[in-house]
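>>> Curious how this folds, go ahead:
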Amino acid sequence: LQVPCAPSQPAAGSESRRFANKHSKKALKASLTLGILLGMFFVAWLPFFITNVTQAVCGCVPAGFFDVLTWLGYCNSTMNPIIYPLFMRDFKRAMGKYLPCCRRSGEPRPSAISLSMRNSNSGPRAATSLKNVL
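Down below sits the predicted model:
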């Protein structure tokens, strides 16, 4: 026996699949970004920390090598502002909004008044609920 389906069920099913697929893509992209950031952090700083412990135990690490590993860690810190805009659309939008060198032509420049109104507790605000945030 087959039970006939209501006409609204296939649309609701496809909508929920599309919703789940969209969120799984976002989760995958967030995982990829986090993996790249943590991977670069470990590649840059782990040799420094291992060498630091080795230096404390035996004192056999040359000063020049230690300096190179220190600068490798510093280079990791300079890579973060490059990695974030590559993988995060919201970060890219915020940078373009506030930095003149990253702004697209045609986008209005935020005024000092609108920035202060946005950062202060004065002025009209839309009610924030969990539904609006998600």
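>>> Count the neighbours of residue 69 for me.
Close neighbours of residue 69, defined as other CB atoms under 10 Å, add up to 20. Heads up, the C-betas are built off the backbone N, CA and C, glycines and all.
>>> Surely residue 76 and residue 47 touch.
No - using CB atoms under 8 Å, residue 76 is not in contact with residue 47; the gap is 11.1 Å.
>>> ok, those two, which is more surrounded?
Ranked by neighbour count (other CB under 10 Å), residue 76 and residue 47 place residue 76 first, with 18 against 15.
>>> That one and residue 83: what is the separation?
From residue 76 across to residue 83, the span is 10 Å (CB to CB, to the nearest Å).
>>> Spit out the residues that contact those two alike.
Common contacts of residue 76 and residue 83, defined by CB atoms under 8 Å, 6 or more residues apart in numbering, comprise residue 40.
>>> pLDDT weak spots in this structure?
By pLDDT under 70, the low-scoring segments of the chain are 1-16, 18-19, 102-134.
>>> helix or strand for residue 60, which one?
Residue 60 is part of no helix or strand, with elements assigned from DSSP states H and E.
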